[in-house]
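[1] Got a sequence here, can you build the structure:
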Amino acid sequence: NGGIGYNEPLSKKSFISISYNLNYAKNNNNKQSLDYDSLTGTYIIPNDTLSNHFNNTSTTNQFGLNYSYSFKKAGFGIGMRWQQAIQRSYSYTNDSAYEQKFSGLVPSANFYINGKGKRLAVNYSFKTAQPQAYQLQPVINNSNPLYLSLGNPNLTYSSTHSLNFNGNYFNSKTGLNLYSSGNFNLVFNQISNSVMLDKSTGQQISQPINVNGTYNASFYGFIGMPLYNPTRTKLKNKISLSLNFNASIRRTISMLNNEKNINNNQNFNLSPGINLSLDEWIDMRLRTDISKQVNNFSLQSNMNNDNYTYSLGTDFTVRPVKLTELLVNYNFTKRTGQAAAFNKDINMLTMEVTQYFNERREFWVKLKCYDVLKQNVSIYRYSGPNYITDVESTVLTRYFLLSLNCKLSKFGKGKAAAKKQSQ
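    Predicted coordinates for the structure are as follows:
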């Protein structure tokens, strides 16, 4: 990999940039399959049908030209790259070669605007994705007898148009804080799969193909605000509210027994919370979380499913005396709509006790118990063009930790000369 670039100012507010990038990759794939020899009782007979030996190379050249201009509180940029990409795969086994190319212009654009306590940025980009070398090789992979895969030398490059934004707003007088971001991706010639399913045996034969009509989008929003005006009150107690919202959609297309199978996946999440700080003796946060996942399949309606995840939690720090802190973190999670064994209720409790030895809090001892009830577990649902999978993973569970800590600081004349912290 390598590249070179040059920037030239055109004025105090604008400039152009010119760049060139080269990417080259090479790998050798040699798979030998052997059949059983009844005379010797060993696997020594070469199987030419299931064996392959490929030499793969990938070369990408990019020439880019970009122009940027900035105003007092705004700016924009536009760019264009010429890209040539070549993917080659040579079979020593069959003495044949497979090649895919992409040549064309790759545009990009961006815009931003700034103001007092606010900012908005919008970006557009175009990118390509090449097939993997193994996806081009027309050789059967039988490492899993129930799931055979076969390459497709006719695969072409996929291309994606992406549009994204992010913006924020903050009012220093009221404490109101807003933030949002989102993106939309439209894919052409998406590399998907064509699956032939034998319902009597459950065996599948999968081959990569190009499809059109796939897209995905997501949105995130946050609102935070205090319940009082910090510039107009002398109250030491602080209360604030927060709200997080996530939403995403994804449309994928595949072929199942030569019929188009459309999978629509939707995810929604709402998470409100409240934060409370009473003088110096207690800090508390209450939160709740509601998530919904929707999966719909055009050919396999029996797999259509809605599942929900609910959680309620709190974490608070109490200081009963000046140099002692007690931290409690609790979260309850309930899942519904998944496979029966995965619809679990989980209680997650962690506790800490900290004792400081001086008012400057330079020395302290801490005792921590993580996952007091020993219920911590990770459960997640994956969905694809023609499947839904629930996964439960083993994660870190209950442990105790006793630690002795110190913080050493050294100051010069009127300013810090050095600062060290060890634990």
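[2] where along the chain do the helices fall?
    Under the criterion DSSP state H, the chain carries helices at the ranges 133-136.
[3] Low-confidence stretches in it?
    Applying pLDDT under 70 to the chain flags residues 48-51, 93-94, 228-237, 279, 384-386, 410-423.
[4] In space, not sequence, find me the middle residue of it.
    The C-alpha lying nearest the average C-alpha coordinate of the chain belongs to residue 218 (Cα atoms, centre = their mean; 11.7 Å).
[5] My read is that that one contacts residue 265, right?
    No - with contact defined as Cβ atoms under 8 Å, residue 218 does not reach residue 265; the gap is 11.5 Å. Every residue, glycine included, has its C-beta placed from N, CA and C.
[6] what is in contact with these two at once?
    Counting by Cβ atoms under 8 Å, 6 or more residues apart in numbering, the common neighbours of residue 218 and residue 265 are residue 249.
[7] from what I can see residue 122 touches residue 112, true?
    Yes - counting by Cβ under 8 Å, residue 122 does reach residue 112; the two are 7.5 Å apart.
[8] more crowded one of those two?
    Neighbour count, other Cβ atoms under 10 Å: between residue 122 and residue 112, residue 112 has more, with 19 against 15.
[9] now the more buried one, nearest residue through space, not along the chain?
    Excluding its sequence neighbours, the residue lying closest to residue 112 (Cβ to Cβ, 6 or more residues apart in numbering) is residue 121, at 4.2 Å.
[10] what's the burial count for the one you found?
    Counted with other Cβ under 10 Å, residue 121 comes out at 16.
[11] That one and residue 110: what is the separation?
    Relative to residue 110, residue 121 is positioned 7 Å away (Cβ to Cβ, to the nearest Å).
[12] How about residue 339?
    44 Å.
[13] With neighbour numbers in mind, choose between these two.
    Neighbour totals were compared for residue 339 and residue 110, and residue 110 leads with 17 against 13 (other Cβ under 10 Å).
[14] Please tell me I have it right and the more buried one contacts residue 163.
    No - Residue 110 is beyond contact range of residue 163, at 10.8 Å (criterion: Cβ under 8 Å).
[15] residues shared between the contacts of the two?
    Common neighbours of residue 110 and residue 163 (Cβ under 8 Å, 6+ apart) are 122, 123, 124.
[16] check contacts around the last one.
    What it means is residue 124. Contacts of residue 124 (Cβ under 8 Å, 6+ apart): 107, 108, 109, 110, 161, 162, 163.
[17] try the second one
    Under the criterion of Cβ under 8 Å, 6+ apart, the contact partners of residue 123 comprise 108, 109, 110, 111, 162, 163, 164, 165.
[18] Now the terminal residues of stretch 119-138, how far apart.
    The first and last residues of stretch 119-138 sit 51 Å apart, counting by Cα to Cα, to the nearest Å.
[19] quick one: contacts for the residue lying closest to residue 172 once chain neighbours are set aside?
    In space, residue 172 comes closest to residue 117 once its chain neighbours are excluded; the distance is 6.4 Å by Cβ to Cβ, 6+ apart. Counting by Cβ under 8 Å, 6+ apart, residue 117 makes contact with 169, 170, 171, 172.
[20] before we move on, what about residue 316?
    Applying Cβ under 8 Å, 6+ apart, one finds that residue 316 lies in contact with 282, 283, 284, 285, 327, 328.
[21] and residue 158, how many neighbours?
    The number of residues packed near residue 158 is 21, by other Cβ under 10 Å.
[22] Residues in a beta bridge with it, which ones?
    Counting by DSSP bridges, residue 158 forms beta bridges with residue 129.
[23] My guess is it contacts residue 128. True?
    Yes - Residue 158 is within contact range of residue 128, at 6.9 Å (criterion: Cβ under 8 Å).
[24] can you give me the strands in the stretch 201-350 of the chain?
    Taking DSSP state E, counting those that start in this stretch as the test, the strands found in the stretch 201-350 of the chain are 204-211, 214-226, 238-256, 259-278, 282-297, 305-318, 324-336, 345-356.
[25] can you check the stretch 51-200 of the chain too?
    For the stretch 51-200 of the chain, the strands defined by DSSP E, counting those that start in this stretch cover 52-70, 74-91, 96-115, 118-129, 140-141, 147-150, 158-170, 177-188, 190-197.
[26] Any idea which of these gets closest to residue 379?
    Relative to residue 379, the nearest member of those by Cβ to Cβ is strand 147-150, separated by 24.3 Å.
[27] The closest one pairs with which strands, parallel or anti?
    Strand 147-150 is paired, per DSSP bridges, with strand 140-141 (antiparallel), strand 204-211 (parallel).
[28] Any chance you could list what contacts it?
    Strand 147-150 is touched from outside by 138, 139, 140, 141, 142, 203, 204, 205, 206, 207, with contacts defined as Cβ under 8 Å, 6+ apart.
[29] What residues of it count as buried?
    Within strand 147-150, the residues that count as buried by 16 or more other Cβ atoms under 10 Å are 148, 149, 150.
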